[in-house]
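Participant: Sequence first, predicted coordinates after that:
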Amino acid sequence: MTQDQDPHEALASIRDARAGIGRDLDYPVWWDFAYGGVLAVIVASTGLPAPWNTTVFIFCMLGVVLMVQWWKKKFGWWVNGYSPRRAGRVAWGLVAFMMAMMGLGLWTRLFDGPAWAPWAAGALTWIVAGFSGRLWMNAYRKDLAELPR
Amino acid sequence: MSVAPVFDALIHAPGRLQICAILSSVDAEFAMLRDAIKVSDSVMSKHLKQLEEAGYVALTKTSENGRQRTWASLTGKGRKAFAAHVAELQRLAAMTAPTRLGEGFAG
C-alpha cells in the first residue's frame, strides 16, 4: 500500500483491518459454557435470601473479570465502547431475557413463588446465554466487516 | 449522528489508518496490532507514538508474569478524528469511480 492510497483503497483497508479482528477467531466451547454458567448463577441467585444473593453475585462478577483477563491474554483485544448494530441487538435481547428470568427468581423470594422457579430460570439462562454468546460473535463479525458508523 | 468530513493526514498514512480502524472497535495489545498490520516492533512503536502525541490514542502499560504489555485504545478525540476522516474518504470515494486493474495500459 502506498502513502497516497486513493479513497477506495483506504476504505478497503479499513474494512479489511476491522474484519481481520474476528476473522480467524477460534475460541473454545468452554467459554460459552462458562459465560452461560456465570449468567445462569446470577439469575438463579435472585431466589436466594440476603446476604447469599449478594455474595454469589460478587463471586460471579469475579468470574467475569477472570474470563475477560483470559480472553485479553489469549487474543490481545477486548471490545470497547463501540456500539455494534447487530451484536447490540443480540446483547439487548439477552439482557431482556435475563431480566425476565430474574423476575422469576424474585417471584420466589419476595412473593412465595415455587422453589423450582429460580433453578429453572438459571438452567434456561445457561442454555440461552451460551448460545447467544456465539450468536453475538457472529453478529459482531458482520458488524466489523462494515465501516464504523 | 453525521460527522463533518475532515481529511486527517496523520491518520491517513498506511499503518496508522489500519491501527485506527482496529481501535475503532476494540482495545488492542501492541503485539496484536503489530501482527494485524504486519510491521516490525519499531515501526509499530513509531505509529503509536505519533498517534499518542496527537492525542488520538491512549497507551496503557500492564505487567503480566513479569512481562510488560502495552494496550492501545482510541481516545474521544481520536474517535472523532477517525470518524471525520472516514466520512471524508466516503465523500471522496463517492466522487470517483474505483480504479480497475489494468486501467491505463494501452496494450
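Facilitator: Cool, the structure landed. Numbers count the residues shown, from 1 in each chain, chains lettered A, B, ... in the order given.

Participant: Which residues of chain A lie near chain B?
Facilitator: Contacts of chain A with chain B, taken as C-beta under 8 Å from any C-beta of the partner chain, map to A:1-3, A:5-11, A:13-18, A:20-21, A:72-73, A:75-80, A:82, A:84, A:143-144, A:147-148. Where C-beta positions appear, they are placed from N, C-alpha and C, glycine not excepted.

Participant: where along chain B do the strands fall?
Facilitator: B:26-29, B:57-64, B:67-74 (DSSP state E).

Participant: Give me the average confidence score over the longest helix along chain A.
Facilitator: For chain A, the helix reaching the highest residue count under DSSP state H is reported as helix A:116-144. The average pLDDT within helix A:116-144 is 91.

Participant: Kindly report the same for stretch B:63-77.
Facilitator: In this model, stretch B:63-77 has an average pLDDT of 89.

Participant: what does it contact?
Facilitator: Outside stretch B:63-77, the residues that touch it by C-beta atoms under 8 Å, 6 or more residues apart in numbering or on different chains are A:73, A:80, B:19-20, B:23-24, B:27-31, B:33, B:48, B:51, B:55-62, B:82.

Participant: list the buried ones in that stretch?
Facilitator: Buried residues in stretch B:63-77, defined by neighbour count with 16 or more other C-beta atoms under 10 Å in any protein chain shown: B:Arg69, B:Thr70, B:Trp71, B:Ala72, B:Ser73, B:Leu74, B:Thr75.

Participant: Endpoints of stretch B:71-81, how far apart?
Facilitator: Using C-alpha to C-alpha, to the nearest Å, the end-to-end distance of stretch B:71-81 comes to 20 Å.

Participant: closest point of chain A to chain B, which residue?
Facilitator: Chain A approaches chain B most closely through A:Gly76 (3.1 Å), counting by C-beta to the nearest C-beta.

Participant: A:Gly122: what's it in contact with?
Facilitator: Shown in contact with A:Gly122 (C-beta under 8 Å, 6+ apart): A:Ala40, A:Val41, A:Val43, A:Ala44, A:Met101, A:Gly105.
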